[in-house]
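Undergrad: need a structure here:
(one chain, ligands or ions: 1)
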Amino acid sequence: MAEYRIYCVDRVSYGNHSHIDAVGAIDGSGTVHRFSREEVFERIGAGADEFHVIGPTSGKRSEVTRYRCELCLMQAIRSEADGVPDNNLDNQNPCLGGIITGPS
Ligand SMILES: [Zn+2]
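TA: Got it, this is the predicted structure:
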């Protein structure tokens with residue numbers, strides 16, 4: 001099992017909402033990885049790896065989990081809602097810059 005800290009996200013817009021499309025993550029040895037949404041989803045589901053976010057200001061950790069979007073039925077990822085804004089997966093800085101417009 002490997003643990004990854006997600007530090008940036010890329011998002012794609014699907015009409016009236018958006019999803020994480022890819023993430024940048026650092027493993028325990030400090031190596032940087034880039035994973036697609038599908039890769040994160042599958043790695044969590046297989047029980048192989050854990051993903052989390054640590055708030056840059058709060059220092060608080062939030063685990064990343066899988067869910068199925070009710071709007072587009074996509075298999076998506078999000079962080080646990082703990083009321084701490086800076087460890088929310090959606091609030092991490094973009095890896096590549098801004099929201100990409102996807103299929104709507
Ligand atoms: Zn959706």
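
Undergrad: for this protein, what helix or strand is lowest in average pLDDT?
TA: In the chain, the helix or strand scored least confidently by mean pLDDT, DSSP states H and E is strand 94-101, which has a mean of 69.

Undergrad: quick one: low-confidence ranges for this structure?
TA: In the predicted model of the chain, residues 97-104 satisfy pLDDT under 70.

Undergrad: Which strand in it has the most residues?
TA: Ranked by residue count and defined by DSSP state E, the top strand of the chain is strand 2-14.

Undergrad: strands paired with whatever helix or strand comes next after it, and their directions?
TA: Heading C-terminal from strand 2-14, the first helix or strand you meet, by DSSP states H and E, is strand 17-27. The pairing partners recorded for strand 17-27 under DSSP bridges are strand 2-14 (antiparallel), strand 32-36 (antiparallel).

Undergrad: buried ones in the longest one?
TA: The neighbour-count check on strand 2-14 (16 or more other Cβ atoms under 10 Å) flags 4-7, 9-12, 14 as buried. Where C-beta positions appear, they are placed from N, C-alpha and C, glycine not excepted.

Undergrad: Closest one of these to Leu96?
TA: The closest of these to Leu96 turns out to be Asp10 (Cβ to Cβ; 5.3 Å).

Undergrad: From Glu42, how far out is the closest one?
TA: Applying Cβ to Cβ, to the nearest Å, the value for Asp10 to Glu42 is 18 Å.

Undergrad: go on, Met1?
TA: Between Met1 and Glu42 the computed distance is 14 Å (Cβ to Cβ).

Undergrad: So which of the two has more stuff around it?
TA: When Met1 and Glu42 are compared for neighbours, Glu42 comes out ahead with 15 against 7, by other Cβ atoms under 10 Å.

Undergrad: Wasn't that one part of a helix?
TA: Yes: per DSSP: H, G, I helix; E, B strand; the rest coil, Glu42 lies within a helix segment.

Undergrad: Near the ion, which residues of the protein are found?
TA: Counting by Cβ under 5 Å from the ion, the chain comes close to the ion at 69, 71-72, 74.

Undergrad: In helices only, show me the residues you listed.
TA: Per DSSP state H, helices hold no members of these.
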